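> Mind folding the following:
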Amino acid sequence: MINFFEVLRTKKDEFISQFEFALKSRELYLNFRKNMNLDKLSDVERAFRFYYIIQNAFGGMYRMNKKGECNAAFVSSPRKEAQGSFWDLEKIKMAHERLKNVIIENRDYKDLIKIYDKEYSFFFFDPPYDTDLKYNGDGRFDYDELLESCRNLKGKFLLTLNGEMRDKFKEFYIMENKVAHTINGWEDKDNNRAEIIIANYQI
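Coordinates of the predicted model:
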């Protein structure tokens, strides 16, 4: 993902040229999915394959198994709501404009706080929920460490978490947000869950 955004930022035209003869194809999708980690791939080709996969994967998910291999399913549902979209090159151009003066980092959040925390800084934290799998390849996430980091920030922060973490962060402003978690296009009221939005300022 980091490579994808960096390519959009610095090599937008070269990236877009990859789509000139690109077809929506299950066979091509499976080939890209299987060969994402080839050493011979250029950064642009890796970015193109990543985008191709998420645009044609069920739910737009780039999912990986325990072996580090992409195993996201190809969209095959006849229902339009469940299908992935095709190429939206105008969105790519807009993303390039948004990113061209941005610094893209791929580091632990605590290291980034040390670098960028000032009185005028704003941080948006989106850590794994306590039901999610990994952060930086680790199966654990230290929420006490996150809490302490939030307490000591000079700047402002906005944090999203699952509702079960409300008590741990109760010293901050908290707003509840009900979210429907579905990728299949069917409404499912039983699939709604309460998330919380946490901030160190009035929201």
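> Show me where the protein has its helices.
2-10, 12-17, 26-34, 43-56, 89-99, 109-116, 143-151 (DSSP state H).
> Could you chop the chain up by domain?
Domain assignment of the chain by automatic domain parsing yields the ranges 2-99, 109-199.
> In a markdown table, list those domains along with mean neighbour count and mean pLDDT.
No exception for glycine: its C-beta is placed from N, CA and C like everyone else's. Output for the domains of the chain, formatted as a markdown table (neighbours: other Cβ atoms under 10 Å; pLDDT from 0 to 100):
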| stretch | mean neighbour count | mean pLDDT |
| --- | --- | --- |
| domain 2-99 | 14 | 85 |
| domain 109-199 | 13 | 84 |
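> picking up where we left off before, is it possible to get the helices of the chain out as JSON lines so that each row also shows distance to residue 170?
Output for the helices of the chain, formatted as JSON lines (distance: least, Cβ to Cβ, whole Å):
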{"stretch": "helix 2-10", "distance to residue 170": "34"}
{"stretch": "helix 12-17", "distance to residue 170": "44"}
{"stretch": "helix 26-34", "distance to residue 170": "43"}
{"stretch": "helix 43-56", "distance to residue 170": "36"}
{"stretch": "helix 89-99", "distance to residue 170": "35"}
{"stretch": "helix 109-116", "distance to residue 170": "21"}
{"stretch": "helix 143-151", "distance to residue 170": "10"}
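> I'd like to know which of the ones you listed lies nearest to residue 167.
helix 143-151 (11.0 Å; Cβ to Cβ).
> can you give me the angle that closest one makes with helix 109-116?
10 degrees (axes from the mean of the first three to the mean of the last three Cα atoms, to 10 degrees).
> tell me which strands and helices helix 143-151 is in contact with?
helix 109-116, strand 156-162 (3 or more Cβ pairs under 8 Å, 6 or more residues apart in numbering; DSSP states H and E).
> can you pull the alpha-carbon coordinates of the first one into PDB?
Coordinates of the C-alpha atoms in helix 109-116 are reproduced here as PDB (Å, rounded to 0.1, in the frame of the first residue of the first chain):
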ATOM      1  CA  TYR A 109       3.100   5.300  15.100                       C
ATOM      2  CA  LYS A 110       5.200   6.100  18.200                       C
ATOM      3  CA  ASP A 111       8.200   7.000  16.100                       C
ATOM      4  CA  LEU A 112       6.000   9.300  14.000                       C
ATOM      5  CA  ILE A 113       4.700  11.000  17.100                       C
ATOM      6  CA  LYS A 114       8.200  11.800  18.200                       C
ATOM      7  CA  ILE A 115       9.000  13.400  14.800                       C
ATOM      8  CA  TYR A 116       5.800  15.300  14.200                       C
END
